[in-house]
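Asks: okay, structure incoming, though there's no sequence with it:
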């Protein structure tokens with residue numbers, strides 16, 4: 001009998017890495033899919049009208065939901081599996097280091113001749129690829145907001161822990177030196193209003 005793969009399983013970033021691998025793909029038969037679709041035919045008209053009126057989530061909300069599902073899958077694939085209620089800042093740091101294996105940013109070592117050069121290296125080197133600081137910082141921001149929305153206890157939010165903030169600061173400083181890029185925010189110039197025109201001569 002033919003099988004269809006279920007596309008509802010969350011696509012985590014740990015599907016190709018070590019540390020547990022991706023979760024099993026659930027399968028449903030064609031007959032079961034056909035019977036369920038026939039039963040849902042009666043309410044298709046009402047559901048389509050209601051879904052068309054509901055606004056689609058923004059790109060930020062969609063990414064935040066994917067990140068939250070990815071972290072949940074990481075906890076389930078952890079050895080031993082972890083509950084979200086038992087998650088601490090140490091597990092968040094472990095998750096960030098785990099993501100480094102999927103990074104695409106070249107971080108030069110101190111002994112590398114291209115260390116501190118902002119321009120791309122003219123020749124290949126053996127320095128590792130890592131997650132860029134900006135990507136990790138944005139990821140933690142989305143996960144911190146998702147935790148507050150789903151758990152509702154900011155005081156126990158592991159993504160807002162001091163250890164996580166210090167780790168991100170260290171990553172930013174290290175990558176800034178290794179890549180020769182300054183991550184300091186540029187101060188906006190204050191625009192002073194033009195002087196009033198001179199009074200008209202009488």
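Replies: Received, thanks. Just so you know, these numbers come straight off a predicted model, no measurement behind them.
Asks: from now on I want contacts and neighbour counts done on CA atoms only, so please keep to that.
Replies: OK.
Asks: show me where this structure has strands.
Replies: 3-5, 27-29, 105-106, 129-130 (DSSP state E).
Asks: what ranges do the helices span in this protein?
Replies: Taking DSSP state H as the criterion, the chain contains helices spanning 30-39, 44-53, 59-77, 89-99, 133-150, 162-179.
Asks: could you dump the ones you listed into JSON lines and include mean neighbour count, distance to residue 125 and mean pLDDT?
Replies: Output for the helices of the chain, formatted as JSON lines (neighbours: other CA atoms under 10 Å; distance: least, CA to CA, whole Å; pLDDT from 0 to 100):
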{"stretch": "helix 30-39", "mean neighbour count": "11", "distance to residue 125": "51", "mean pLDDT": "39"}
{"stretch": "helix 44-53", "mean neighbour count": "10", "distance to residue 125": "52", "mean pLDDT": "48"}
{"stretch": "helix 59-77", "mean neighbour count": "17", "distance to residue 125": "31", "mean pLDDT": "94"}
{"stretch": "helix 89-99", "mean neighbour count": "16", "distance to residue 125": "21", "mean pLDDT": "95"}
{"stretch": "helix 133-150", "mean neighbour count": "16", "distance to residue 125": "21", "mean pLDDT": "95"}
{"stretch": "helix 162-179", "mean neighbour count": "17", "distance to residue 125": "13", "mean pLDDT": "93"}
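Asks: now for these, which one comes closest to residue 110?
Replies: With CA to CA as the criterion, residue 110 lies closest to helix 162-179 of those, at 7.3 Å.
Asks: can you state the direction angle for the closest one and helix 89-99?
Replies: Relative orientation of helix 162-179 versus helix 89-99 (axes from the mean of the first three to the mean of the last three CA atoms, to 10 degrees): 30 degrees.
Asks: taking helix 133-150 as reference, get the angle to helix 162-179.
Replies: 160 degrees.
Asks: packing partners for helix 162-179?
Replies: With contacts defined as 3 or more CA pairs under 8 Å, 6 or more residues apart in numbering; DSSP states H and E, the packing partners of helix 162-179 are helix 89-99, helix 133-150.
Asks: okay, the angle between the last one and helix 59-77?
Replies: What that stands for is helix 133-150. If you take the same axes, to 10 degrees, helix 133-150 sits at 80 degrees to helix 59-77.
Asks: who's in contact with helix 133-150?
Replies: Helix 133-150 has contacts (CA atoms under 8 Å, 6 or more residues apart in numbering) with 64-65, 67-68, 96, 153-154, 157-160, 168, 171-172, 175.
Asks: report the two of the residues you listed separated the most.
Replies: Greatest spacing in the contacts of helix 133-150, by CA to CA: 153 and 175 (32.6 Å).
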